[in-house]
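**Q** what follows is a predicted protein model with its sequence.
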Amino acid sequence: MDKIFGGMVLLGVPLSIAGSLMHWPTLMMFGIYCLTIIALSSYMGRATESLAIITGPRIGGLLNATFGNAVELIISIFALKAGLIEVVLASLTGSVLGNLLLVAGLSFFLGGLKYKRQTFNEHDARHNSGLLMFAVIVAFVVPEIFSMGMDESKTLSLSVGISIIMIVLYLAALFFKLVTHRGVYAGKSEESPHHEEPEWTKGRAIAVLLVATLAVAYVSENLVHTFEVVGESFGWTELFIGVIVVAIVGNAAEHASAILMAMKNKMDVAVEIAVGSTLQIAMFVAPLLVLLSLMFNESMPLVFTVPELVSMVTAVLLAVIISNDGETNWFEGLTLLAAYVIMGIGFYLL
Amino acid sequence: MDKIFGGMVLLGVPLSIAGSLMHWPTLMMFGIYCLTIIALSSYMGRATESLAIITGPRIGGLLNATFGNAVELIISIFALKAGLIEVVLASLTGSVLGNLLLVAGLSFFLGGLKYKRQTFNEHDARHNSGLLMFAVIVAFVVPEIFSMGMDESKTLSLSVGISIIMIVLYLAALFFKLVTHRGVYAGKSEESPHHEEPEWTKGRAIAVLLVATLAVAYVSENLVHTFEVVGESFGWTELFIGVIVVAIVGNAAEHASAILMAMKNKMDVAVEIAVGSTLQIAMFVAPLLVLLSLMFNESMPLVFTVPELVSMVTAVLLAVIISNDGETNWFEGLTLLAAYVIMGIGFYLL
Amino acid sequence: MDKIFGGMVLLGVPLSIAGSLMHWPTLMMFGIYCLTIIALSSYMGRATESLAIITGPRIGGLLNATFGNAVELIISIFALKAGLIEVVLASLTGSVLGNLLLVAGLSFFLGGLKYKRQTFNEHDARHNSGLLMFAVIVAFVVPEIFSMGMDESKTLSLSVGISIIMIVLYLAALFFKLVTHRGVYAGKSEESPHHEEPEWTKGRAIAVLLVATLAVAYVSENLVHTFEVVGESFGWTELFIGVIVVAIVGNAAEHASAILMAMKNKMDVAVEIAVGSTLQIAMFVAPLLVLLSLMFNESMPLVFTVPELVSMVTAVLLAVIISNDGETNWFEGLTLLAAYVIMGIGFYLL
């Protein structure tokens, strides 16, 4: 797997540069950009992993919590800069749906084909359920509903206020998990990580992280400008590109590792990636983008379209109910996948 | 009980035929049709039971899952044929509300008056909770919300897509329950069924099923054409007739057996009937009717009215929360009944 | 604490009378009224406590269930009389949000700073979850949604019908808790109350209750008439005054004792106050006000604004998910507080 990504980076980066300079056909470049970003993001993931092992669980947890969705964040910043606010909101929606339904669904389904019953830490699941409810059902629903009776500037004030509260709560959640209640609710999976060896040295990992981040930024900026042409060619709306395409590209590397973990019966890790990434998107990336957007021409309020919001709320309720008992099987995975496909059809037709 | 139904069939079928040929007063015929269908559906239930015992649990489960709501399906097909799409959607809503609130409510309440605490299999309850969430909150809410921004043909495409996915998932749920995970989550109630004796022989059961189905079809067709006059006479809207009247008539025989089981403290069976029947309506009957409606003049999209949808969603949330701990008492039953009455008043006034 | 409240009453009541007769500045009087009501309501709480101990658990439970929100009820009646229907509905909303998010949040947070993990009776939590779902999600949502297609008189009929059903169910819940299932789900906390000594004798408690109630009524009537001026001075809408200010004043004494209990690790009592008070507001005070309003010029339907309703529904879902495992910690408290602040900002900006 790592070798394939290595080859993709070696090929993809020069092709991306050449193609964008020589104005190769947009559809071809769209494909090259997407694959290159997926490969680069796998490098960023490995570098973060190595740094996390070297710096120990506390700072490591913080690193993972900050760089885990760096690719998504970078693509979104360039989309914001290009004024594509709808695409950014749609890709945030897509990340939430992709993590809770597609990734968790594939993990439960494929893992469940090998193992009859898979279990994960119930306490973590409940802790995360509360946060998912807070992030999606309180913090996303409130601005949506309240902004219906507000002018634009009040809507933005509300969005900024909520964003600050969410980031503070996100940091508090890290403090809770890594400091005050570290190991309090631990299951059996907590023992092994002490023996792990980092893949790269500290210096090398930082170098890889830096170079890959810069490369992702370069490719993302170009990718964003292909959306219009791609949309027209395939008959896709900006909404569909954001919810399905950008979300999958931005999270592909992460998704692959969650599914691999599920197939090794390491369900705790698979669930942690799927749900943890959702929380990071909702409680850190989304509010950060709202705050960053204040520096651009067009500010982004935290107001999704009604179908986006309803999809996220129903996805959270479904994920909470299904994962509540700390047990999964292939059928629960299939239920989540079916929900993803239904919403995908909906966004395609919209 | 069986004797009463026997007498009702012997009287009701000839009276239905005579009355419809001789154009007896519509209100009287409405009453005769309703009672006859209730009696016939008890025969269909007994025939299905016998066949299920003879063919063993796998095919038996499949039979129950297919014929369990046959009466409801037949009435709905004739209503579709008569172009009464609103009545069909309303009766689907009514079946969901009737099963989750009225039947479960009466079972919990009457059972709870006799026994202080009644328990049922927690694993099944959680499995079903996930499916209820999927069926009602994902599959019914998505077309409702997304269709607000769509034209009619896209709404229908979305409905057809969702219907196919739901039927596939329903079959997968049967495969999960009857094949791959049969007995995995079994409670104590799983032991007894081996000793059961079928009431009728295979040939007799098939004959009864066929004849009763044909009779139900005949009476249903006539019943459907009385709705307009009945509505005008009592000041009932089509919505109220569908949600309350058709739903109760279509499910009465089933309802009676659920309540009898609860009073014998066989809570597993009572819950299985109430929740299983809801799932069958939502995941099999409703999508099947959408697909069948493509052959009629007017196609039926999976788009309920907002009060119907909200009633179903709140009923599911209430039922999930109340049944989540695998324990019931009279007060929980009363809560469900109170919710049913509140919604009933709402639909009556609408 | 009691001495402070004693002093506040001795000062506040004469100041309230003097100020209202001599027309002192409205803003100052608003402050005096609020503080006086808070102090008086602590006396009412102590008198009810004493009476409850003297009369035994059954009648005591009934007394608590009736007088627990007497202050809120009295303020609301005077607001209704003054035609301030929006303020009444807003203050009901504010009581629900205040109890579920602010009080429970502060209790969990401050208690959690002292104790790593705090537990409370899981069975009670689940029983209450079902009732919260019923009261807020069924009984408040149904009139909201159904009334969209109704004229005013039907909306009122629906509200009256729902109100009667809710009061009946509330009385049934008391009967369940105090008679048929008393002690059935008891945890360890049930043992101690037998040794409790009443603070006051029966005669004294009744006298205090009567005098304090009359004083609260007098001050409330004056308080209600300051709202308009206060709103204009601070730029607060009537909605904000109702949701935040009235709700906090009406529940302050209660709130203080819940938080004190949490800090003594008596989590059962703290949760009982927060959730019990919410249920009392939703299932008894709100429907009673609807019925009482029929005697005034303007009747109050049970129809909240959309932001009010959505806030209550999300608060219930959040509280149910977070309290479902019978365990709390500081972070769960912070999550509830964050939700309260977000909604507070929303109502302020609206």
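**A** Perfect, thanks for sending it.
**Q** how about residue A:17, phi and psi?
**A** phi -70, psi -50 (degrees, to the nearest 10).
**Q** how far away is it from residue A:36?
**A** 10 Å (C-beta to C-beta, to the nearest Å). For the C-beta atoms, the positions are set from N, CA and C on the backbone; glycine is no exception.
**Q** those two: which is more packed in?
**A** With neighbours defined as other C-beta atoms under 10 Å in any protein chain shown, residue A:17 and residue A:36 compare such that residue A:36 has more, 27 against 15.
**Q** report the buried residues of stretch A:39-56.
**A** Neighbour counts using 16 or more other C-beta atoms under 10 Å in any protein chain shown place A:39-55 of stretch A:39-56 among the buried residues.
**Q** which of these fall in helices?
**A** Among these, the residues falling in helices (DSSP state H) are A:39-55.
**Q** which residues of chain A lie near chain B?
**A** Contact residues (C-beta under 8 Å from any C-beta of the partner chain) of chain A with chain B: A:116-117, A:306-307, A:310-311, A:314, A:317-318, A:321-322, A:324-325, A:329-332, A:334-335, A:338-339, A:341-343, A:345-347, A:349-350.
**Q** for ChimeraX, write the select line for the buried members of those residues.
**A** Applying 16+ other C-beta under 10 Å to the residues of chain A next to chain B, the buried members can be selected in ChimeraX as follows:
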select /A:307,310,311,314,317,318,321,322,324,325,329,330,331,332,334,335,338,339,341,342,343,345,346,347,349,350
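**Q** find the nearest non-adjacent residue to residue A:72, please.
**A** Using C-beta to C-beta, 6 or more residues apart in numbering or on different chains and skipping the chain neighbours, the partner closest in space to residue A:72 is residue A:250 (4.0 Å).
**Q** with residue A:32 instead?
**A** Distances taken as C-beta to C-beta, 6+ apart place residue A:15 nearest to residue A:32, at 5.2 Å, with adjacent residues excluded.
**Q** then residue A:81?
**A** Leaving aside its sequence neighbours, residue A:81 sits nearest to residue A:296 (C-beta to C-beta, 6+ apart; 6.0 Å).
**Q** from the stretch 251-350 of chain A, which residue is nearest to chain C?
**A** Residue nearest to chain C within the stretch 251-350 of chain A (C-beta to the nearest C-beta): residue A:320, separated by 6.8 Å.
**Q** my read: that residue touches residue A:132, true?
**A** Yes: at 6.3 Å, residue A:320 counts as touching residue A:132 under the criterion of C-beta atoms under 8 Å.
**Q** look at those two and report which has more neighbours.
**A** residue A:132 (25 against 22).
**Q** what's in contact with the host helix or strand of residue A:74?
**A** Using DSSP states H and E, residue A:74 maps to helix A:70-81. Identification of contacts with helix A:70-81 by C-beta atoms under 8 Å, 6 or more residues apart in numbering or on different chains yields A:37, A:40-41, A:44, A:87-88, A:91-92, A:95, A:213, A:216-217, A:220-221, A:223-224, A:246, A:249-251, A:253, A:281, A:285, A:288-289, A:292-293, A:296, A:298, A:300.
**Q** residue A:200 belongs to a strand, doesn't it?
**A** No: counting by DSSP: H, G, I helix; E, B strand; the rest coil, residue A:200 falls outside a strand, being coil.
**Q** tell me how many other residues surround it.
**A** Counted with other C-beta under 10 Å, residues neighbouring residue A:200 total 18.
**Q** residues touching it, list them.
**A** Contact analysis of residue A:200 by C-beta under 8 Å, 6+ apart lists A:46, A:47, A:50, A:208.
**Q** phi, psi of residue A:237?
**A** phi -80, psi 160.
**Q** again, but for residue A:328
**A** phi -130, psi 160.
**Q** what's near enough to touch it?
**A** Counting by C-beta under 8 Å, 6+ apart, residue A:328 touches A:107, A:108, A:111, A:112, A:117, A:118, A:119, A:120, A:267, A:322.
**Q** please apply the same query to residue A:115.
**A** residue A:265.
**Q** before we move on, what about residue A:331?
**A** Taking C-beta under 8 Å, 6+ apart as the criterion, residue A:331 is in contact with A:112, B:172, B:173, B:176, B:181.
**Q** show me where pLDDT drops low in chain A?
**A** Residues of chain A meeting the criterion pLDDT under 70: A:1, A:65, A:184-195.
**Q** where do the strands of it begin and end?
**A** Applying DSSP state E to chain A gives strands spanning A:118-119, A:327-328.
**Q** got JSON lines for the ones you listed, with distance to residue B:197 too?
**A** Below are the strands of chain A laid out as JSON lines (distance: least, C-beta to C-beta, whole Å):
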{"stretch": "strand A:118-119", "distance to residue B:197": "40"}
{"stretch": "strand A:327-328", "distance to residue B:197": "36"}
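**Q** deepest of those strands, which one?
**A** Mean neighbour count (mean count of other C-beta atoms under 10 Å in any protein chain shown) peaks for strand A:327-328 among these, with a mean of 22.
**Q** partners of that one in the sheet?
**A** Sheet pairing of strand A:327-328 (DSSP bridges) gives strand A:118-119 (antiparallel).
**Q** what does the partner strand contact?
**A** Strand A:118-119 has contacts (C-beta under 8 Å, 6+ apart) with A:108, A:111, A:112, A:262, A:265, A:267, A:326, A:327, A:328, A:329.
**Q** filter those residues down to the buried ones.
**A** Neighbour-count burial (16+ other C-beta under 10 Å) applied to these gives A:108, A:111, A:112, A:262, A:267, A:326, A:327, A:328, A:329.
**Q** among the residues you listed, which are located in helices?
**A** Counted as lying in helices by DSSP H, out of the buried ones among the contacts of strand A:118-119, are A:108, A:111, A:112, A:262, A:267.
**Q** could you measure from the first one over to chain C?
**A** Same thing as residue A:108. Residue A:108 is 21 Å from chain C, where distance means C-beta to the nearest C-beta, to the nearest Å.
**Q** touching, that residue and residue A:319? I think so.
**A** No: the criterion here is C-beta under 8 Å, and residue A:108 misses it with residue A:319 at 10.4 Å.
**Q** identify the contacts common to those two.
**A** residue A:336.
**Q** which residues touch residue A:320?
**A** With C-beta under 8 Å, 6+ apart, residue A:320 has these contacts: A:129, A:132, A:133, C:321.
**Q** residue A:262 too?
**A** By C-beta under 8 Å, 6+ apart, the neighbours of residue A:262 are A:106, A:107, A:108, A:110, A:111, A:118, A:270.
**Q** and the residue nearest to residue A:62 when sequence neighbours are not counted, how many neighbours?
**A** Excluding the flanking residues, the one nearest residue A:62 by C-beta to C-beta, 6+ apart is residue A:174, at 6.3 Å. Close neighbours of residue A:174, defined as other C-beta under 10 Å, add up to 17.
**Q** touching chain C at all, stretch A:132-145?
**A** Yes: with C-beta under 8 Å from any C-beta as the criterion, chain C is reached by stretch A:132-145 at A:133, A:134, A:137, A:138, A:139, A:141, A:142, A:143, A:145.
**Q** could I get these as a markdown table with distance to residue B:81 and neighbour count?
**A** Output for these, formatted as a markdown table (distance: C-beta to C-beta, whole Å; neighbours: other C-beta atoms under 10 Å in any protein chain shown):
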| residue | distance to residue B:81 | neighbour count |
| --- | --- | --- |
| A:133 | 45 | 24 |
| A:134 | 49 | 29 |
| A:137 | 42 | 24 |
| A:138 | 47 | 26 |
| A:139 | 48 | 25 |
| A:141 | 42 | 20 |
| A:142 | 46 | 23 |
| A:143 | 47 | 26 |
| A:145 | 42 | 19 |
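**Q** nearest to residue A:69, of the residues you listed?
**A** residue A:139 (16.9 Å; C-beta to C-beta).
**Q** picking that back up, if I look at the residue nearest to residue A:62, how far off is residue B:227?
**A** Per C-beta to C-beta, residue A:174 is found 60 Å from residue B:227.
**Q** nearest to residue A:28 among the contacts of strand A:118-119?
**A** Within the contacts of strand A:118-119, proximity to residue A:28 (C-beta to C-beta) peaks at residue A:262, which comes in at 33.9 Å.
**Q** ok, residue A:131 touching residue A:173?
**A** Yes: assessed by C-beta under 8 Å, residue A:131 is found in contact with residue A:173 at 6.4 Å.
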